[in-house]
Every structure is written in structure tokens, then in C-alpha cells.
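Novice: need a 3D model of the sequence below.
(chains A and B)
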Amino acid sequence: MINQIDYTYKDRVWCGKINEKYVNKEVKIYGWVHRFRDMGGILFVDLRDRTGIVQVVMSSELKINKLSLEDVLEVVGIVKERPIENINPNIATGNFEVIAKEIKILSKSEALPFMINEDYKDIRDLKIDEATRLKYRYLDLRRLQMFKNMYFRHKIIKYIRDFMDNEDFLEIETPLLAKPTPEGARDFLVPSRLQPGKFYALPQSPQLFKQILMVAGIDRYFQIAKCLRDEDLRADRQPEFTQVDIEMSFISKKDIFLLIENLLDYVLNNLGIEISIPFEVIDYNYAIKHFNSDKPDLRFNYPVKKWNNSIKINLNDEDFDINQAYYIFFKNLVLTRKELDKLNEFLRQNNLKFLYLISSNSGESFFKGSLVKFVDINEVDNYLRNENQFYNGDYIVFVISSKNYLNELILIKNYLIENKVLKPVKDFYFLWVDNFPLFKVEEEKVGNKLIRKISPEHHPFTNVLEEDKDKVYMIYEKLKKNPNIIYDDEFVKEVLSIRSLAYDLVLNGVEIASGSIRITDIKFQKIIFEIIGINEEDANRKFGFLLEAFKYGVPPHGGIALGIDRIIALLLGYNSIREVIAFPKTQSGTCLLTKAPSEVDLSQLKELGIKLMEVN
RNA sequence: GGGGGCGUAGUUCAGCACGGUUAGAACGUUGGCCUGUCACGCCAAAGGUCGCGGGUUCAAGUCCCGUCGUCCCCGCCA
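Specialist: You can find the predicted model right below:
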């Protein structure tokens, strides 16, 4: 019998941590049968726990029942150093093995729905359908890779809490049963039994509560907060996701930037990732103008340049307008023959007009591509030479054009990135995008009429850049005089030109945080509400408690929220945040493990006063 | 709401353009052999409503229509 008396969880010896200090000592280990090799008289078992794998050697005298993959074992044995010829350099414990004295099968496993011991060499290429993985998520999570993801996530959150605590922030839990908010994303609704006909909403974010906490004098708040939005899913969007929600009083934008830079520096350094702070800051307008994006990926910074329309391209194609022609210039881009062929194929398939320069072995360079017949090569060559300081035969140039010129150029860029032809200037490129507009103007078709509407670009509590404040009063007055002025394009331009105190943090072209300095002037807040079409009555009904709170001494405050799922996925190199979430939903919002959402008993509905109706 | 990809053994895939043998492979599973393997090896076997429904056809995994599931994208996500 295995002696249990003096053994506590503190004495646990992990499979992956067997090392020289255990040699010739008796250990008790627990784990799952990762793989086994039955040689007849001797049986090798790779026993796995979350830390790794160790080889257990069993002689035939042990007479244990037949093993299956993923049986749960308790093994008592002596750790031995392996003879040199038997060392396995592929695993961390490869110098050692456990010679079993006693073995207990704690639990048997049936044949598995998919293999989880496949993470070796070329078997790594085997892919399991994600739906199958999600249905048996507990098996999927047993894989060391998935455990590492969960561990990384745990550590990130732990270091965030350490840092925030150190900076005098309080973690405060805000309610999950909250007030429905008609603005923004669709709410998940929760019917109230005690008040039939009324509903709670699951919070899209703790926004209003954290601002109330500032009024409450907490001053520095944060929360690892679940946020819930009933919108369509994507690889980087789940209906519930986690944010590091932060709010501070008596600060400016600079303080938020500083805090987040220090936070990420601290957390990532603890995880062995070096980053440089402070992060670059670019203006929203600059980003849009030069990258056609409010979240540019500056790991691959290739500016788009306008084509000089005096350099003729004699192409008869109604989609091609030389006055709309742009080109992108990839520095130091050298393609192999194979890469070039693949790129050609890609460009042709996407029907792109292009021209590129290649250099031959003899040092000569010449142009190729679908536009080559339609240009004067010498003229183009001279032009590019003058325009681009570092022009030489190693460079490749594309000229394309259409109404969607930027999208097409970005398509090429993305293709080159995906095929690893373009190399990132660094692994993790953080970037602040600052001075977002305060408003956006949306158009909606009602019948065959186009309705224009002003709405907040960030959210209605976002403050304005001080020097643009007068503009807000101006458009407010104009709208009051004539609500139809919204259909005047000059007026819309004016509305869009108003800058806010809102900012995003971008990592490798992905928005990972978003925040703003808030409005604390009740009068100004009311004007904003009016501009975005929320009248006084609506405002009081929806946000009256916030306006009321602001009457009793509100400190200037602002904050930010970081999307933890996205950050972790990016740091670990995943496109999908599902790889870093233990139990994610599919694109149709179902949990394949539990089959949620599901139908409910009629009695449950009755209690809530809810009757289902047909919806087409 | 829209566009696209995928769905064949437990798993990963081949077969489908151009319809025509008994639908194959690898891994896994089951049984057997093997005392130094480590992606062990060897021998043998079982395992399929080709997602589901309908249509075309003498004949459908293969062609057509619909539907369901899943993945990617647009819309949407203050």
C-alpha cells in the first residue's frame, strides 16, 4: 500500500520538475498517461502533468492492468539518472526516469475523441477541427500548449494586480446586473422575477460605475472586468471578454499614457518580454491620412505615395485613373524566384495593376508586371530614382490604381507580410493614437431617405480638446437654429473636425486599449447629449444618476480599458482570442461544451412573466 | 443581414473538375508478439447512413437545390 500519512499537497512532486536533486530518492508522482511503449518484459510510460512529462519504467513484475492513453496514475518510484545512451534530449526531464515500485490506476480513460499527445515534430502539423476541440475542451486544455496559454494569462493578470496595487489603485467589483443602456452595443438582457416586465442588462463595460467611484473619492480604481456585448463574433471578438478597466482622478491624458506604459513595461518584463517606453504617439488625422486606418501596424511602415500623373501610363481601362494612381515602395525587398511567381499569381488573381523592378545577377535591373507594356520604362525609372532616395535595383515598386487604391496596396502589403517576405522592424509595436474626433456622423437609410445622425466617436462622456470647445458650442447653436443643417456637408466637416480627449493604444495594428478624459461639467455634458440627439428627459432617464452625482463635487477624471484577451493573443502569436480563453463560444455564440444557450422550462418562463413568440 | 471556405472511419486527410469495381491512407482503437523504448517495432482485425433533406440520372461521396454545423470576412462592435 502507498503510505498516505505524511504526504500533503506541499510535497507534490511534479512530473516535469524531476531533476538531479531527486536522484536515488523515492518520489510519488501523479499524472496522465501521455504515451506508453510496451516492450513485453518492460513498459515505458510517459507520465504527464501540467508541468511536463517524465518517463516511468515498469518491469513486468508490477502486474498492473492494461494501460490506456490518458489513464490517471499514482506512481511511487525511485528517480534514476539515465545511462548516457538512453538520454532523451527532447524532453526537459530526459536525463532522468522514475523506476516504479508501486502503481495505482486512479482512473481509466476511454478511447479519446482526438489525440492530445501529438505535439512532437511533424505531428505538430496535424490540426484538429476547432469544434471538436471545444466540445471536449477539458481534453484540449490538457495539452501542454494550452496549459501554457492559461498560465501566461494567469501571470499577466497577477502582475497587473501587483502593479496596480503598488500604484495605490483599488480593485472594486461593479455589478453584473446593471441598467440597460440603449447607446452603443446591444445589451444582454436578464429578466427580473421580482419586478416582472423589467430587465437588467449585463454590462458592456463598468463605465458609469467607475465614474461614480471617482465621485465617491476612490480616486484610483481598477478592475479585471468581464464585459458583455450581444454583437456578432469574430476571431478577436467574443460576447464576453475581459478588460483591465481603469479610472483615475486629478490627472491628465499624459498620466494615463504614463501609467499604461509603466504597467505594460512591468508586466511584460516580468514575463521576459522587453519593450521600450514611452510609446510613440501619432495623431488620429495623421494615421487616417497616411495609413487609411486608426490602428496602423507600424511594424511594416511603407508609406503610400501619389503617382506623378505627368509620368504617363497608357492604359485603357475605365477603372484606371492616373490621377488616382498611387504606389508603394518596399525598401530592401528581395524576392526569390518562387516568391516572385507566387506574388505574380496573387496579383493576377486579384486583378491588380502593377509594375515591379527586379535586378538580375549581372546587376542590371528591369521592370516587369502587367503595366510594363503601358509605360515608358526609362521615364518611370528616372522618376522613381528622383523620388526615392535609396532607390536601387534591390527595390521593388508597385504601381496600381483604382477607386480603392489604398485597400489594394494594403492587400499587397498584407500578402507580403503573411508570406513573411516583409520583416517586422520589431516584434511588438505599441502606438498611441491620440486626438480622436469627438463625433462621427452616420447615415442610415429609412425608406428611400438618407437620415444623418451625430453620435459620439468614443462615448458620450468623452471630453473635448480644450481648444476645440468653442466649436462644440458653435455647432450646438447652429443645430438649435436649424436641425437640418446636418445635411450640409460643410457643417458635417465642421462636426468631424472637433477633436476629443480620447485615445487608443494599438499593438501591431490591433486596438488593445481605448480611453478618454471625461466630461465633469454638467452643463457641457447636457450640450453633448443634445447634439447627439438625447434630449433632457432621455438624459435624465438613462444617465440621471450620473448627472445627479456630479452635482455633489466631482473630481476631474479619466481612464482607459485594456482588452486582455487581445493582448495575450498578440503576445503569444495567435490570431484568435479563443486560444487564450478557457471556454470560448463559437461564431454563432454557442458553447459546444455545455450546449449553452438552451431552451428553458415553461415554468421558468412563467415565473418571469415571459411568453415566447415566433420570430422570423 | 450579406459574401466566402470547409463538412468522407474516433482524429487528420485523399477521392469529387470529367458520376460507374468492394470508398482508401496515416494516427488512434481491439487482439497477439517483444526486457531499453521514447512519434518504439512487428503480425492481425474491427471501424463509414460520405453532415442532413430533396432533386437530376440506369447509376450520386462526386452534379443541382435547400438546410444545419463550423471557420474567415463585410455590416455590426458608443
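
Novice: please name the residues that touch A:Asp468.
Specialist: With contacts taken as CB atoms under 8 Å, 6 or more residues apart in numbering, A:Asp468 has the following neighbours: A:438, A:497-499. Glycine gets a C-beta too; all of them are placed from N, C-alpha and C.

Novice: which helix or which strand is home to the residue in the stretch 351-500 of chain A positioned nearest to RNA strand B?
Specialist: Per CB to the nearest atom of the strand, A:His459 is where the stretch 351-500 of chain A lies closest to RNA strand B, at 3.1 Å. When elements are defined using DSSP states H and E, A:His459 is found to belong to no helix and no strand.

Novice: my guess is it contacts A:Glu183, does it?
Specialist: Yes: contact criterion CB atoms under 8 Å: A:His459 and A:Glu183 qualify, at 7.3 Å.

Novice: who's more crowded, the two?
Specialist: Neighbours were counted for A:His459 and for A:Glu183 using other CB atoms under 10 Å; A:His459 has more, 18 against 13.

Novice: most neighbours among the contacts of A:Asp468, please name it.
Specialist: A:Leu438 (30 neighbours).

Novice: so which residues of the stretch 401-550 of chain A form strands?
Specialist: Counting by DSSP state E, counting those that start in this stretch, the segments of the stretch 401-550 of chain A that form strands are A:430-434, A:439-446, A:449-456, A:502-507, A:510-517.

Novice: show me what the first one is packed up against.
Specialist: Packing contacts for strand A:430-434, counted by 3 or more CB pairs under 8 Å, 6 or more residues apart in numbering; DSSP states H and E, involve helix A:253-270, strand A:280-283, helix A:284-291, strand A:502-507.

Novice: including mean pLDDT, could the ones you listed go into TSV?
Specialist: Rendered in TSV, the data for the helices and strands packed on strand A:430-434 read as follows (pLDDT from 0 to 100):
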stretch	mean pLDDT
helix A:253-270	98
strand A:280-283	96
helix A:284-291	86
strand A:502-507	97
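
Novice: of the ones you listed, flag the one that's most buried.
Specialist: Across the helices and strands packed on strand A:430-434, the average number of neighbours (mean count of other CB atoms under 10 Å) peaks for strand A:502-507, which reaches a mean of 24.

Novice: now it: how far from the chain's centre is it?
Specialist: 13 Å (CA atoms, centre = their mean, to the nearest Å).

Novice: tell me if it is near RNA strand B.
Specialist: No: shown here: strand A:502-507 not in contact with RNA strand B (CB under 7 Å from any atom of the strand), separated by at least 8.9 Å.

Novice: next, the angle helix A:253-270 makes with that strand.
Specialist: 20 degrees (axes from the mean of the first three to the mean of the last three CA atoms, to 10 degrees).

Novice: so which helix or strand takes in A:Gly77?
Specialist: A:Gly77 is part of strand A:72-81, with elements assigned from DSSP H and E.

Novice: who does the following helix or strand past that strand pair up with?
Specialist: Past strand A:72-81, further along toward the C-terminus, the next helix or strand under DSSP H and E is strand A:96-107. Sheet pairing here is set by DSSP bridges, and for strand A:96-107 it gives strand A:52-59 (parallel), strand A:72-81 (antiparallel).

Novice: returning to what we had before: can you tell me what sits against the strand holding A:Gly77?
Specialist: Among residues not part of strand A:72-81, those counted as contacts by CB under 8 Å, 6+ apart are A:2, A:18, A:20, A:22-33, A:45, A:47, A:56-57, A:95-107, A:109.

Novice: report the rounded mean pLDDT for it.
Specialist: Mean pLDDT, strand A:72-81: 96.

Novice: flag the shaky bits of the stretch 351-500 of chain A, pLDDT-wise.
Specialist: Residues of the stretch 351-500 of chain A meeting the criterion pLDDT under 70: A:351-353, A:358-365, A:388-411, A:418-420, A:447.

Novice: which residues of it lie near RNA strand B?
Specialist: Proximity of the stretch 351-500 of chain A to RNA strand B, by CB under 7 Å from any atom of the strand, involves residues A:440, A:442, A:455-460.

Novice: filter the residues you listed to the buried ones?
Specialist: Buried residues within those, defined by neighbour count using 16 or more other CB atoms under 10 Å: A:440, A:455-460.

Novice: okay, now the sheet partners of the strand or helix carrying A:Tyr327, with direction.
Specialist: Under the criterion of DSSP H and E, A:Tyr327 resides in strand A:325-330. Here strand A:325-330 has these sheet partners by DSSP bridges: strand A:304-306 (antiparallel), strand A:396-401 (antiparallel).

Novice: to A:Lys595, which of the helices and strands packed on strand A:430-434 lies closest?
Specialist: The closest of those to A:Lys595 is strand A:502-507. By CB to CB, the value is 34.8 Å.
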